[in-house]
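Novice: give the three-dimensional model of this entry:
(chains A, B, C and D)
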Protein chains: 2
Amino acid sequence: MTSTRATLIQVAERAGVSLASTSRALHGVGASKAMVERVRAAAEELGYSADAIGRSLRMKKTFQVAFAVADIGNPVYVEMMRAIHEVLAPHGYRVVVMSTGDTSDSTIELVRSLGSGFVDGMIVSPLRTDDGLIAEIQQAPVPVVVIGRAMDDRGISSVSTDSAGGIGEAVRHLHTIGRRRIGFLNGPVDTTPGASRQRGFDAAVNAGDLAAVRIERETAEDFTVGAGLEAARRILARVPEGAPQLDALVAANDLLAIGAIRAVRELGLSVPEDIAVTGMDDTELGRVFQPSLTSVSLGASERGRAAARLMLQLADDPDQPAQQVSVGAELVVRESTTTATERGER
Amino acid sequence: MTSTRATLIQVAERAGVSLASTSRALHGVGASKAMVERVRAAAEELGYSADAIGRSLRMKKTFQVAFAVADIGNPVYVEMMRAIHEVLAPHGYRVVVMSTGDTSDSTIELVRSLGSGFVDGMIVSPLRTDDGLIAEIQQAPVPVVVIGRAMDDRGISSVSTDSAGGIGEAVRHLHTIGRRRIGFLNGPVDTTPGASRQRGFDAAVNAGDLAAVRIERETAEDFTVGAGLEAARRILARVPEGAPQLDALVAANDLLAIGAIRAVRELGLSVPEDIAVTGMDDTELGRVFQPSLTSVSLGASERGRAAARLMLQLADDPDQPAQQVSVGAELVVRESTTTATERGER
DNA sequence: AATCCCGTTGGAAACGTTTCCAACGGCCCG
DNA sequence: CGGGCCGTTGGAAACGTTTCCAACGGGATT
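Specialist: Next up, the predicted model:
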């Protein structure tokens, strides 16, 4: 590690040509065949590799994109990140992972840090969004794509999904299979996903045809399995004396749903026979769980891909108009709400 | 977005002092109180934020560290990444995620790309390691920390764990609880983790005191739930006619273990009563699964933290001697091998 | 045969920062 | 009262790259 890395100047000297020609030759434009040959050889001998920093400084382009979420460990974000990486890497972009923190303020801080110009853009899925954050994103020095909440008419590119409608689908599915005492297990309502799920649930149960359904609501401290377990214990303990127990639980998230299943079993009840459970996000975790989880897919991979594609466009031309992409929500029915025969499998 | 970002030169002009003084004032060293005040004010007014690229070029330091694994979606790597990020971020380092690909060659390619100097170092957990890769890492232009295989005497810093010994613990645990027909479900043996697990299993069953145990082996195509399911089906179908079915399965990985549990249940058998199952990695997935998974913890978070700390040292002084850190393996007994009463819980 | 044009080459500037070095002034000490 | 020292400041170079611009030469066109 004694020898320092070769620079373009050294390649130029070795090839006996000018710095300008060397650069052109390596890019294969505006250079004669002989020149290219010569420079290539010199570069090869020296083991030359262009310095990313020098290039970035000159080109005003880092070939890096930030991906920021509150919790990198959440399966949904992992799935998004993987998709983003898969789209961006072939175009020569690197992905920098960052943490937004829990609050809107810490996210604002992160957006501000874009001012130091270490990335060409940022894909962010904020847990909590307020006007301050929106304003900050609007005046960010590099393109920002928001995943999670439609940003129409604000000049911000976004990728959203119909999680509210998805919750509705889950509720209607439970109603269809005959459940009439439905509990709703949401995460913190002051978060962006918590708020939209709340809206979706309320809209669904107020839709009229579900009037005869009994409803219970409970809020978990966050979107984790542990919080789901505790919240489910609470909601299941709330059954009025003499009244029958709930026969369905709609969880705002697969993690909460799995916690809920635990709680159900603690009471000696079974899923789906006694209590059907639905999740949301359609994570691999839910797919391999037993019973496999009926879940509303919000297309995490697809959202990641869409965000990455938007970012590629914006990286190309940062001044192009903001776009909104919407990804559909789709209920995937599995064992946690129906037995195999009910699902029509053989 | 019309106004371009303010540069240090503009701050200097605004403050009416030299460029050099401006830089010093903002760093608070070698500058008078009045100067600092003045420059700070000017910087504030212009909304100045130091350009990361310019600084990197001058300082020959990117404040970025790469984290490279074959599959970012694997829970183990996610856990490592989270830990790495948590250690590095407070020190001002950003984390760039990269993919090694499946093969040693593609990993070599990745190590070579470090030559363009976009990171100060790299933490890598190669799926497959050969001499070519090792040589490439040895002559990498920036510090590299390898997670997964001890690199003593090769001048490479590494963080390893005793996965072989961990497999042994799992086998002995099963023997202790009376299992005498043990199947081993490994992943591809030509991978680094696959090889060490194989070694561990062979060593354990050859240790003598387990002589009376019947052994079966099977290899899954990769370390996923799906591959585990298929491999488990094969090994369970191999039981000689008239002979009793296996009563335990040691899986090389939590994902394989969960696939295995599925396969066991397909046969109408139950875990742990008929067949006990152990996993490895102690992932959250295994913890929340039902039955919760007995698993050998390899301290993914701890390995990530250790690697990050090594990297911090190396970033400080790239020429310091390579270090090897070892993280212990520990069996965590849960429901997939013993009932609650057996575990001594109330 | 003179001119124009195009392809190729080299010189030089620019990107934004940090830091070495020299200069300057004031203060303390002898 | 003079010399030396230290704290502060400014000028300038350097990091490695891309690209603008001018210069040069050869071939084709008029």
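
Novice: what's the model's confidence in the helix or strand containing A:Ala170, averaged?
Specialist: Using DSSP states H and E, the element containing A:Ala170 is helix A:163-176. Confidence over helix A:163-176, taken as the mean pLDDT, stands at 96.

Novice: do the same with stretch A:70-78
Specialist: For stretch A:70-78, the mean per-residue pLDDT is 94.

Novice: do that stretch and chain B meet?
Specialist: Yes: Stretch A:70-78 comes into contact with chain B (Cβ under 8 Å from any Cβ of the partner chain), by way of A:72-73, A:78. Heads up, the C-betas are built off the backbone N, CA and C, glycines and all.

Novice: will you turn the residues you listed into a markdown table that also has neighbour count and distance to B:Glu330?
Specialist: Written out in a markdown table, the entries for these read as follows (neighbours: other Cβ atoms under 10 Å in any protein chain shown; distance: Cβ to Cβ, whole Å):
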| residue | neighbour count | distance to B:Glu330 |
| --- | --- | --- |
| A:Ile72 | 21 | 25 |
| A:Gly73 | 16 | 21 |
| A:Val78 | 25 | 25 |
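
Novice: residues near A:Ser18, how many?
Specialist: For A:Ser18, the tally of surrounding residues (other Cβ atoms under 10 Å in any protein chain shown) stands at 10.

Novice: for the residue of the stretch 151-300 of chain A found nearest DNA strand D, grab phi and psi.
Specialist: Going by Cβ to the nearest atom of the strand, DNA strand D is nearest to A:Ser157 of the stretch 151-300 of chain A, at 25.6 Å. Main-chain torsions, A:Ser157, degrees, to the nearest 10: phi -70, psi 140.

Novice: enumerate every residue touching it.
Specialist: With contacts defined as Cβ atoms under 8 Å, 6 or more residues apart in numbering or on different chains, A:Ser157 is in contact with A:143-146, A:151, A:310, A:314, A:322-324.

Novice: any idea which of those residues is closest to DNA strand C?
Specialist: For the contacts of A:Ser157, the residue nearest DNA strand C by Cβ to the nearest atom of the strand is A:Pro143; the value is 17.6 Å.

Novice: on the three-state scheme, the nearest residue to the closest one once chain neighbours are set aside is what?
Specialist: Nearest residue to A:Pro143 in three dimensions, chain neighbours excluded: A:Leu314, at 3.6 Å (Cβ to Cβ, 6 or more residues apart in numbering or on different chains). Taking DSSP: H, G, I helix; E, B strand; the rest coil as the rule, one finds A:Leu314 in the helix state.

Novice: and the residue of the stretch 151-300 of chain A closest to DNA strand D, how far from A:Phe67?
Specialist: 15 Å (Cβ to Cβ, to the nearest Å).

Novice: A:Glu45 now?
Specialist: Note on A:Glu45: its distance to A:Phe67, by Cβ to Cβ, is 39 Å.

Novice: neighbour count winner among these two?
Specialist: Of the pair A:Glu45 and A:Phe67, A:Phe67 is the one with more neighbours under other Cβ under 10 Å, namely 27 against 12.

Novice: quick revisit: export the helix holding A:Ala170 as CSV, just CAs?
Specialist: These are the backbone C-alpha positions of helix A:163-176, laid out as CSV (Å, rounded to 0.1, in the frame of the first residue of the first chain):
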residue,chain,number,x,y,z
SER,A,163,-53.1,2.1,1.8
ALA,A,164,-56.5,3.6,2.9
GLY,A,165,-58.3,1.8,0.2
GLY,A,166,-56.2,-1.3,1.0
ILE,A,167,-57.5,-1.3,4.6
GLY,A,168,-61.0,-1.1,3.1
GLU,A,169,-60.4,-4.2,1.1
ALA,A,170,-59.2,-6.0,4.1
VAL,A,171,-62.3,-5.0,6.1
ARG,A,172,-64.7,-5.9,3.3
HIS,A,173,-62.9,-9.3,2.9
LEU,A,174,-63.5,-10.0,6.5
HIS,A,175,-67.1,-9.0,6.2
THR,A,176,-67.5,-11.2,3.2
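
Novice: and whichever helix or strand comes after that helix, what's its mean pLDDT?
Specialist: Past helix A:163-176, further along toward the C-terminus, the next helix or strand under DSSP H and E is strand A:181-186. Summarised as a single mean, pLDDT over strand A:181-186 is 97.

Novice: could you check the angle helix A:163-176 makes with strand A:181-186?
Specialist: 160 degrees (axes from the mean of the first three to the mean of the last three Cα atoms, to 10 degrees).

Novice: any idea which of the residues of stretch A:70-78 next to chain B is closest to DNA strand D?
Specialist: Looking at these and their distance to DNA strand D, the nearest is A:Ile72, at 32.2 Å (Cβ to the nearest atom of the strand).

Novice: just say helix, strand or coil for whichever residue of the stretch 101-250 of chain A sits closest to chain B.
Specialist: For the stretch 101-250 of chain A and chain B, the shortest gap (Cβ to the nearest Cβ) falls at A:Gly115, measuring 3.5 Å. On the three-state scheme (three-state DSSP), A:Gly115 is labelled helix.

Novice: tell me how many other residues surround it.
Specialist: 18.
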